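# Structure of the sequence below:
(2 chains)
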Amino acid sequence: MNFSLLSSEMLAAGLGTGLLILGLIAPKTENRRGFGYITAFGLLAVLVATFFQYGINQSTFHELWIVDDYSVFMKQVFIVAAILVVLSAVDFVETLPRFRGEFFALIVYALLGMMVMASANDLITIYVGLELMTITFFVLVAYQLGDGRSSEAGIKYLILGSVSSAVLLYGMSILYGLTGTTTIPEMLTKLTWSPILVVAIVMLIGGFGFKISLVPFHMWSPDIYEGAPTPITAFLAVASKAAGFAVMVRVFLLGLPLEGAVDWMLLISLLAGITMVIGNVVAIPQTNIKRMLAYSSVAQAGYMIAGLMSMDAPGVKGILFYSMIYVVANVGAFTVATLVRRALDTDTIADYAGLGQRQPLLASTLTICLLSLAGIPPLSGFVGKFYIFQAVMDKGILWPAFVGFVMSMISVYYYLNVALYMWRDDPKDDRPVPVPGPAKLVIVLSLVVTVVLGVYPGPLGELATMAAKSLF
Amino acid sequence: MLKEYLAISMFFIVALLIPVAVIFISRLVAPKKTTPEKEEVYECGVDTVGDTWIRFKTSYFLYALVFVVFDVETVFLYPWAVQFQQLGTFAFVEMFIFIAILVVGFWYAWKEGALEWK
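Here you go, the predicted model:
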C-alpha cells in the first residue's frame, strides 16, 4: 500500500476539515472573508503538490486507486476550477444569510469527491467519489436560504441526481455480475456480447450522461443552473462536468471492449451529435443568461464527448485540453454574471444593456469568454475544438466535425447577441457595477488565459498529450 | 444464451401471475361483512387522529443524520475490535483518524444546534 499516491487527496481532506474546525472555533460575529482566502491558498498548495505526481503512473490498494498522468491532469482541472470559483465567491458569500464559513469547506469536499473520481480505477471507488461530489452539490445548490428558487433547484437536483445515481449503480452492478470484478482493466478482458451487457451500457451512459448533461439527460441543467447561487452554478457547470468526463473516458476506453462485445461507440456518437444540435439550437431563444449558459454547456458537452470517437491519445488530449479552457472561459462568464446579479439584481440578458459603458472590464471579459466558447480563432476555444475534431477526422470520421462546425456557427449568434446588448445599447440607469478585488483577479485571469492559450497553446497542449498517452 | 434468459422470463411471468391470482381468488372466496371496526386503519391499538399529510419538524431529519454517523462508526468498530490483536499499531492509528473525523462532524452538529429541540 503506497499512501503517497493519496497525498493530494489527503491534503484536500485536511483543508476541508480544517476549514470546518476553523468555522467552529472562530467567533460567530466575525465575517468570513478570510475563509475564502485561506481556501484559495490551501487549494493553490494542493495544486502545486499535484505537479509532483506527474510521471508516477502507479496503482495501489489492489488496483483500486491509480495515479497516472491522466488523473493528475484532471485533478488540476478541478483544482483550478475550485480556486477560481472560491475567489469569485469571496464577496458573494457576504450576502448569504447563514453558514458562510461552511460554504468553502463544502466546495473543498466536492473537489475531493472529484479528485477521487479522477483517480478511481474501480467501479465502487468511482461511485463513492461521485456520491461525495453529488451530495455536496445538493447542499450547495440549495445554499441560498430563503430564496425559493434555490431551494427548488436543490430539491430537483436531489431527486434527479438520486435517480441518475441509482441507474448508474444498477448498470455497475450488472457489469459486476457479468465479470465478477469491479476493477476497470480486468473488466476489459472478461466482457463478451450478451443482451444484458447492452442494458448495462445504456445505464452507464444514462448515469454518466446525467453528470455531463448529455442530451437526452440534460433536462435538469437549465432549471438547476438558474436556481443555484451563481458561483455554484459555475462550479457545477465546469468541475462536475469535467469529473463526469474523467470517469467516462476511463470506464469506456479502458473498461468496455468494442470488439466482440457491445458497440457502445454507436450510441455515444449518436448522442454526441444530438447534443451538439439540441444544445445550440435551444440556447438561441433563452433570455436568462444562466439558462443560456446552461444550454451552451450542454452543447460543449457534445463537442467534448465527440473526442471519445477517435478512441486514441489525440482524442483524449483534445478532451483534456478542452476541459481546461472550458473551465477558464465558463468561470469567467459566470463570475461576470455573479457581479451583475449582485449590482443590478437581474439575470436577464436584456438588462446587460450598456455594460460596455458601465464596466468595460466585465463586458470585454464576457465577450472574450463567450467568443472562446463559440470557438472563434484566435481564442483558446478554437484550439480546443481544433484538437478534438482533428483527432476524430484523422480516424476518417468526418460527420462530427461538420456538425460541430455548423453548430459553432449557430452558437456565434446567441453568444454575440449578449455582446450586442452590452456594447450597442445604452444603460437603462446609472447604478454602478462594482468589481471587488478577488473577483477582479478571477476575471482578469480568465481573460488573459483565454487569449494566451489561444495564441500559444503549446505548453498546455504538451501536458495534455503526456496525460492522454498515459491511458494507452 | 437466449435459452438461459427464457428461464428467467418464465420465472418473471409466473412471479407476476401468482400475486394477481391470489388477490383475485381471495376477492371471489372471501365473505364481505364490514363493520366500523374493520374499516379502521388499525384494528387494534390507538385510534388514528387527523390527517397523515402533515409537516414534520426537520429536527427528526437531523437526529437521523447524527444517528447515521454513529451507526457507520459502529459498523467499522466491530470488526476492528474483533481483530484488534492481529491488526497491530497501524490499524489502531488508522481507526483513531477515522473516529477523529467523525468527532469533528459530531462537534459541528452539536455546535450548530442539531441536538436541540426548538
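# Identify the residues contacting the spatially closest residue to residue A:73 that is not a sequence neighbour.
Ranked by Cβ to Cβ, 6 or more residues apart in numbering or on different chains and with sequence neighbours excluded, the top spatial neighbour of residue A:73 is residue A:467, at 3.6 Å. Bear in mind the C-beta positions are built from the backbone N, C-alpha and C, glycine included. Neighbouring residues of residue A:467 by Cβ atoms under 8 Å, 6 or more residues apart in numbering or on different chains: A:68, A:69, A:70, A:72, A:73, A:74, A:316, A:317, A:320.
# swap in residue A:175?
Residue A:175 neighbours (Cβ under 8 Å, 6+ apart): A:123, A:182, A:187, A:191, A:197, A:200, A:204.
# Only the buried residues of the helix or strand of chain B with the lowest mean pLDDT, if you could.
Least confident helix or strand, chain B: helix B:36-39 with a mean of 76, by mean pLDDT, DSSP states H and E. Judged by neighbour count (16 or more other Cβ atoms under 10 Å in any protein chain shown), helix B:36-39 contains no buried residues.
# do the same with stretch A:159-178
Buried residues in stretch A:159-178, counting neighbours by 16+ other Cβ under 10 Å, are found at A:160-161, A:164-165, A:167-172, A:174-175, A:178.
# so for it, what's the average pLDDT?
Averaging pLDDT along stretch A:159-178 gives 94.
# CA atoms only for it - export them in PDB, please.
Output of stretch A:159-178 as PDB, limited to C-alpha atoms (Å, rounded to 0.1, in the frame of the first residue of the first chain):
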ATOM      1  CA  ILE A 159     -34.400  13.900  -6.800                       C
ATOM      2  CA  LEU A 160     -33.000  13.700 -10.300                       C
ATOM      3  CA  GLY A 161     -29.400  13.200  -9.100                       C
ATOM      4  CA  SER A 162     -30.600  10.300  -6.900                       C
ATOM      5  CA  VAL A 163     -32.400   8.700  -9.800                       C
ATOM      6  CA  SER A 164     -29.400   9.000 -12.100                       C
ATOM      7  CA  SER A 165     -27.100   7.600  -9.300                       C
ATOM      8  CA  ALA A 166     -29.400   4.700  -8.900                       C
ATOM      9  CA  VAL A 167     -29.400   4.000 -12.700                       C
ATOM     10  CA  LEU A 168     -25.600   4.200 -12.800                       C
ATOM     11  CA  LEU A 169     -25.300   1.900  -9.800                       C
ATOM     12  CA  TYR A 170     -27.600  -0.600 -11.400                       C
ATOM     13  CA  GLY A 171     -25.500  -0.600 -14.500                       C
ATOM     14  CA  MET A 172     -22.400  -1.100 -12.500                       C
ATOM     15  CA  SER A 173     -23.900  -4.000 -10.600                       C
ATOM     16  CA  ILE A 174     -24.800  -5.700 -13.900                       C
ATOM     17  CA  LEU A 175     -21.200  -5.300 -15.000                       C
ATOM     18  CA  TYR A 176     -20.000  -6.800 -11.800                       C
ATOM     19  CA  GLY A 177     -22.500  -9.700 -12.300                       C
ATOM     20  CA  LEU A 178     -21.100 -10.300 -15.700                       C
END
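# Return the list of helices and strands in contact with the helix or strand containing residue B:75.
Element membership of residue B:75 [criterion: DSSP states H and E] is helix B:59-82. In this structure, helix B:59-82 makes packing contacts with helix B:84-111, judged by 3 or more Cβ pairs under 8 Å, 6 or more residues apart in numbering or on different chains; DSSP states H and E.
# Mind listing what's buried along the helix it packs on?
For helix B:84-111, burial by neighbour count (16+ other Cβ under 10 Å) applies to B:95, B:106, B:108, B:109.
# And that helix, what does it pack against?
Contacts defined by 3+ Cβ pairs under 8 Å, 6+ apart place helix B:84-111 against helix A:7-25, helix B:59-82.
# Pick the most deeply packed of the ones you listed.
Neighbour counts (mean count of other Cβ atoms under 10 Å in any protein chain shown) averaged over each of those peak at helix A:7-25, with a mean of 18.
# Which is the succeeding secondary structure element to that helix?
For helix A:7-25, the following helix or strand on the C-terminal side (DSSP H and E) is helix A:33-51.
# neighbours around residue 27, how many?
All of this is about chain A. Applying other Cβ atoms under 10 Å in any protein chain shown, we find 5 residues neighbouring residue A:27.
# I was after chain B.
By other Cβ under 10 Å, neighbour count at residue B:27 equals 9.
# can you tell me the helix or strand for it?
Residue B:27 belongs to helix B:2-29 when assigned by DSSP H and E.
# chain center to that helix: distance?
In terms of Cα atoms, centre = their mean, to the nearest Å, the centre of helix B:2-29 is found 28 Å from the chain centre.
# Nice, that's everything, thank you.
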